[in-house]
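[1] one predicted model, sequence on top.
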Amino acid sequence: MDTKLRSLFDSACDQLTLLGQTLSPLTDAQYTTESQALPGSTIGKHVRHILDHFSLLFTALSAHPPATVCYSHRERNAFAQDTVAGGRSTIESTVQRARALSTQPNAHADPLTISDTMTGGNEEAFTSTVGRELWFCIHHMIHHNAIIASLMHEFGLHPPTQFAYAPSTIKHNK
């Protein structure tokens with residue numbers, strides 16, 4: 001595996017681990033409390049949403065040849081959404097999957113097909129790469145981490161400072 005792709009897998013593991021650590025002190029009540037600012041939104045729902053995307057990508061990468069990834073057809077893992085322990089357990093298994101996939105030399109060279117729902121409801125397919133989709137999942141997670149951080153502040157909690165920021169923002173702010 002090339003060093004750039006390995007770096008992406010490492011970054012995914014680092015960001016997922018930070019998410020798990022950030023959730024650690026939460027109670028299940030805090031994890032599932034609905035936001036007043038974002039009605040219907042909970043920390044658990046955002047965690048589940050993040051993990052659903054990684055799961056879809058990693059499941060496709062485990063198929064031979066790689067299967068189509070369709071981010072709009074998520075299973076919505078309630079186990080990860082409803083309890084802190086469920087979220088943290090799913091994060092840990094996602095990190096393990098990422099580490100296992102990162103050890104497969106040359107296994108991720110084939111292009112991927114990405115399918116998603118467009119405005120108007122049409123499904124469209126696109127060609128992509130493992131690196132591009134892993135990058136997407138990481139940055140998608142960071143943006144949801146920012147929402148999770150906002151929810152934590154709304155509930156009187158204090159997430160780690162670096163939690164809601166992209167690595168490029170952290171580097172820029174140094």
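    Done, it's in.

[2] name the helix or strand of this protein that has the lowest mean pLDDT.
    Counting by mean pLDDT, DSSP states H and E, the chain has its least confident helix or strand at helix 167-173, which shows a mean of 84.

[3] next, the buried residues of the helix ranked longest in the chain.
    Within the chain, and with DSSP state H defining each element, the longest helix by residue count is helix 130-154. Neighbour counts over helix 130-154 (16 or more other C-beta atoms under 10 Å) mark 130-131, 133-138, 141-142, 144-152 as buried. Where C-beta positions appear, they are placed from N, C-alpha and C, glycine not excepted.

[4] what does stretch 50-63 give?
    Ile50, Leu51, Asp52, His53, Phe54, Ser55, Leu56, Leu57, Phe58, Ala60, Leu61.

[5] low-confidence ranges in this protein?
    Applying pLDDT under 70 to the chain picks out residues 1, 66, 105-107.

[6] and the strands in it, which stretches?
    69-70, 112-117, 123-128 (DSSP state E).

[7] out of those, deepest packed?
    strand 69-70 (a mean of 20; mean count of other C-beta atoms under 10 Å).
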